[in-house]
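Novice: Sequence plus predicted model, see below.
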Amino acid sequence: MFKTFAIIIKEHRDLGFRQILKLARAELNRQYRGAAFGWAWAIIKPMLTLFVFWFGITIGLRYSKPVNGYPRFLWNMTGFLPWFYMRALIPGGAACIRQYKHLVTKMKFPVSVIPTFNSIAELYIHFVLMALTFIVFAIFGYFKPDIYLLQLPLYLLFMFMSFTLWSLFAGMIGAISKDFHAFIKSISTAIFWFSGIIFDINGIHNDLLKHILKINPVSFFAMGYRNVFIYKRWFFEDRYALAVYLCTLIVTFMGAMWAYKKLRKDIPDVL
C-alpha cells in the first residue's frame, strides 16, 4: 500500500507542481469553453441552486427561523458552499480518467495525476465561491473575523484529500466499468438528501439516526463549515463525527491505493 503511495508521489513530483496547476486551469477552460458567460457559470449555477432552495424553504414552506442569530439564508449558504465542490467530484471523480483517456492511451502520462488536477480545478471555483460567501456575510453585517476561521484551511485540506483520493479510486473503477459511473451518478442525489446540508443533524432527536447520518462525509464538511461561520465551534468538539470522518478517510485511502495498484497497468488497454 505504502509502496503504491510512494509511486504516486513520485509521479506527481516528476510531472511538477506547475504543470499540474496548468492542467487544472486547462480543465476549467475545457468545462466552460464555448459558453457565452464563460467562467461566470461557475458562480451563476451555484447561486441559482441556492436561490431555489432558499425560495422553496423560506417562501414556499415559510421556514425562515434564524439559526444561532444568523439568517437562515446564510446558514443555507455555508452548508451548500462545500457541497458545490463535493457535488462536482462525487460523479466527476468516477469519470475523470475516462474523460482524459487520450492522455492515458496516446502518451505515457501518469494516471494518478488526473484526479489531482481535476480536484484542483474544482478547488479554484471553491475559492471564488468562498470569497463570495465572505462578501455576502459582510453585506448582511455578519462578517466578524474570529479565531474559528483558523479551522477553514484544515477543512479545506481534509476535503481536498478526501475527494482527490475518492477520484483516484472511483476514476480507476469508472475507467473499467461505465456502469460504476452511472451508479455513482444515480446515488448523488441520495447522498445530498441524507447529509446535513439542508437540515441540522445535531437537531435530530433519534440518536441512532443521527449517528448513521454522520457517517456521510458530506455531513462532516457541511457541519464543519457551519461550525466556522455560524456555530463557532471547534472541529474536535464533536469527537464522534471527527472519528467517523478519519475512519472514512483511511478507508478511502486504502481503496485508492488498492485500485491504483491493481488497475493502473490495465487502464490503457481497457480505454
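Specialist: Good, I have the coordinates.

Novice: Please name the residues that touch the closest residue to residue 149 other than its chain neighbours.
Specialist: Distances taken as CB to CB, 6 or more residues apart in numbering place residue 228 nearest to residue 149, at 6.2 Å, with adjacent residues excluded. In short, each C-beta sits where N, CA and C put it, glycine included. For residue 228, the contacting residues are 78, 148-149, 151-152, 155, by CB atoms under 8 Å, 6 or more residues apart in numbering.

Novice: Whatever helix or strand residue 259 lives in: which residues count as buried?
Specialist: With elements taken from DSSP states H and E, the one containing residue 259 is helix 239-263. Neighbour counts using 16 or more other CB atoms under 10 Å place 241-242, 244-245, 248-249, 252-253, 255-257, 259-261, 263 of helix 239-263 among the buried residues.

Novice: Which elements pack onto it?
Specialist: Here helix 239-263 is seen to pack against helix 2-15, helix 152-176, helix 217-226 when contacts are counted using 3 or more CB pairs under 8 Å, 6 or more residues apart in numbering; DSSP states H and E.

Novice: chain center to the last one, what's the gap?
Specialist: What separates the centre of helix 217-226 from the centre of its chain is 10 Å, taken as CA atoms, centre = their mean, to the nearest Å.

Novice: which residues are contacting it?
Specialist: Residues external to helix 217-226 that are found in contact with it (CB under 8 Å, 6+ apart): 75, 78-79, 81-83, 86, 151-152, 155, 158-159, 162, 191-192, 195-197, 201-202, 213-214, 235, 238, 241-242, 244-245, 248-249.

Novice: Buried subset of those residues, written for PyMOL?
Specialist: PyMOL command restricting those to the buried ones, with burial defined by 16+ other CB under 10 Å:
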select buried, resi 75+78+79+81+82+83+86+151+155+158+159+162+191+192+195+196+197+201+213+214+235+238+241+242+244+245+248+249
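
Novice: mind listing what's buried in the helix or strand hosting residue 47?
Specialist: The secondary structure element spanning residue 47 is helix 41-54 (assigned by DSSP H and E). For helix 41-54, the neighbour count (16+ other CB under 10 Å) marks 42, 46, 50, 53-54 as buried.

Novice: what would those residues look like in a markdown table with distance to residue 221?
Specialist: Rendered in a markdown table, the data for the buried residues of helix 41-54 read as follows (distance: CB to CB, whole Å):
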| residue | distance to residue 221 |
| --- | --- |
| 42 | 19 |
| 46 | 15 |
| 50 | 17 |
| 53 | 17 |
| 54 | 20 |
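
Novice: Which of those sits closest to residue 6?
Specialist: Out of those, the one with the shortest distance to residue 6 is residue 42. That distance is 34.9 Å, counting by CB to CB.

Novice: residue nearest the centroid of this protein?
Specialist: In the chain, the C-alpha closest to the average C-alpha coordinate belongs to residue 86, at a distance of 2.4 Å (CA atoms, centre = their mean).
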